[in-house]
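Engineer: below are the sequence and a predicted model; questions follow.
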Number of protein chains: 2
Amino acid sequence: MRIVVADCSVSYQGRLTARLDRAVRVLMVKADGSVLIHSDGGSYKPLNWMSPPCWLTVTHTEPDEQTWIVENKAKEVLTITVHQVHGELAHDLGVDPGLVKDGVEAHLQELLALHVGALGEGWTLVRREYPTAIGPVDLLCKDGTGASVAVEIKRRGEIDGVEQLTRYLELLNRDPLLAPVAGVLAAQEIKPQARTLAEDRGIRCLVLDYQALKGADDPSLRLF
Amino acid sequence: MRIVVADCSVSYQGRLTARLDRAVRVLMVKADGSVLIHSDGGSYKPLNWMSPPCWLTVTHTEPDEQTWIVENKAKEVLTITVHQVHGELAHDLGVDPGLVKDGVEAHLQELLALHVGALGEGWTLVRREYPTAIGPVDLLCKDGTGASVAVEIKRRGEIDGVEQLTRYLELLNRDPLLAPVAGVLAAQEIKPQARTLAEDRGIRCLVLDYQALKGADDPSLRLF
DNA sequence: CCGTAAATGTCGTCG
DNA sequence: CGACGACGTTTACGG
């Protein structure tokens, strides 16, 4: 990793054409050759960048000026003209152990698959990732009466999730072995608009309590 | 902007729970208090971060150890334990003039509006950005027989685009002066799932050749 | 390797 | 401020 604070101009030619006029910025060159150009604001997204795999070539066009050219296989080119270097720092970081996450959608699905009874009395799991022509349904279940229910799981329930589930339901209901198939949108948080649309379409909304699901050995599990 | 190369451990509690075990990383502290934690690989996305607006507090828990706590309004907390500092660099960058983009996206609509004949024999343009209650349709056309056709243009045709066009068609078909209105999804690339859904709904899929449209003076223009 | 869905998405625009 | 769509989306996961 090499970090350079420099007065620079930048141009990018690739999926679009973009340019950064001359200013002082931070250039981050990673071990794999990728380059990030950061300003002193915005969010984590750099002003401009080149992702690996890519190759950096530095040339001195003038005594006090460098030109960095970063290219990749797809012929995208990031060109950085370094007018003046204000600071520099380099260090070998080695390989990172990586981020360990907890609480994403996959975990919710896992937990709910394990405790499908939380959806209703006597419910059973048919399978996770039940395949359809347009993609897999998160959970396909049978309710207490043996009727099919498709469950779509989201961290946040929004319009998109309702649309997604609606598409699945439309397809599943064409299968005479399954039909009629009801729908449940399960999420840690459900936006009012999504709830309105879902209920309008006869889809049940269920707010999940992740903590309660995790502590599901606890019989005081509360989902409703 | 302040950059610190440090041996550190990190934890994040907020929309999810995540943790980074001890390793040497680059900590970038921006003028607005936001913090990025980068490793020597991956892409432009940091391993972990806190976006502005947020506030950084540094405490010395032990003589040779700092604890950085970054919090925001939503009570999300990023905690960085700095075990050892290997390098440091600070510089005032000032305000950046920002990225200037030259979009390609709008061009596609422009080009197709000019050469609407490419959609079919005898087609004519009614108008671009034809207004509906839920937003403008990219193109409204008449085909060779005088029937209405709504055209949705995307760089990449995905499910979302089909849903969008479906909503437009539903509205447009309520207008007795227009109905029946057919639909065309036109994109440089159409995903199989989107194609399946579109055709299921009677929406025609059309793959656009940007180069051919650009060289549209050339009578050998081929879209099909 | 390709395709699809998730994301602490981020970022603009528009109501 | 919230909703919606685009993004050089990026990233992870499954066939």
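Structural biologist: Yep, it's here. Numbering: from 1, shown residues only, chains lettered A, B, ... in the order given.

Engineer: how about the helix or strand of chain A with the lowest mean pLDDT, does it get close to DNA strand C?
Structural biologist: The helix or strand of chain A with the lowest confidence, counting by mean pLDDT, DSSP states H and E, is helix A:210-214 at a mean of 79. No. When contact is scored as CB under 7 Å from any atom of the strand, no part of helix A:210-214 falls within range of DNA strand C; the minimum is 11.5 Å. No exception for glycine: its C-beta is placed from N, CA and C like everyone else's.

Engineer: hmm, that helix touching chain B?
Structural biologist: No. On the criterion CB under 8 Å from any CB of the partner chain, helix A:210-214 is out of touch with chain B, staying 9.5 Å away.

Engineer: do the same with stretch A:116-131
Structural biologist: No. Using CB under 8 Å from any CB, stretch A:116-131 never reaches chain B; the gap is at least 12.6 Å.

Engineer: what residues sit buried inside that stretch?
Structural biologist: Using 16 or more other CB atoms under 10 Å in any protein chain shown as the test for burial, stretch A:116-131 gives A:116-120, A:123, A:125, A:128, A:130.

Engineer: what segments of chain A are strands?
Structural biologist: A:2-13, A:17-29, A:35-38, A:48-50, A:54-62, A:65-72, A:77-90, A:99-102, A:124-130, A:137-142, A:148-157, A:181-190, A:204-207 (DSSP state E).

Engineer: deepest of these, which one?
Structural biologist: strand A:35-38 (a mean of 25; mean count of other CB atoms under 10 Å in any protein chain shown).

Engineer: ok, and what's touching stretch A:80-92?
Structural biologist: Stretch A:80-92 is touched from outside by A:1-10, A:22, A:24, A:27, A:31, A:35, A:37, A:61, A:64-70, B:3, B:5, B:24, B:26, B:40, B:86-91, with contacts defined as CB atoms under 8 Å, 6 or more residues apart in numbering or on different chains.

Engineer: need the nearest residue in space to the residue of chain A found nearest DNA strand D, chain neighbours excluded.
Structural biologist: DNA strand D sits closest to A:R15 of chain A, with a gap of 3.3 Å, by CB to the nearest atom of the strand. Spatial nearest neighbour of A:R15, chain neighbours left out: A:E76 (6.9 Å); criterion: CB to CB, 6 or more residues apart in numbering or on different chains.

Engineer: likewise A:T132?
Structural biologist: Closest to A:T132 by CB to CB, 6+ apart is A:L171, at 4.9 Å.

Engineer: now for the one you found, how many residues are close by?
Structural biologist: Neighbours of A:L171 under the rule other CB atoms under 10 Å in any protein chain shown: 20.
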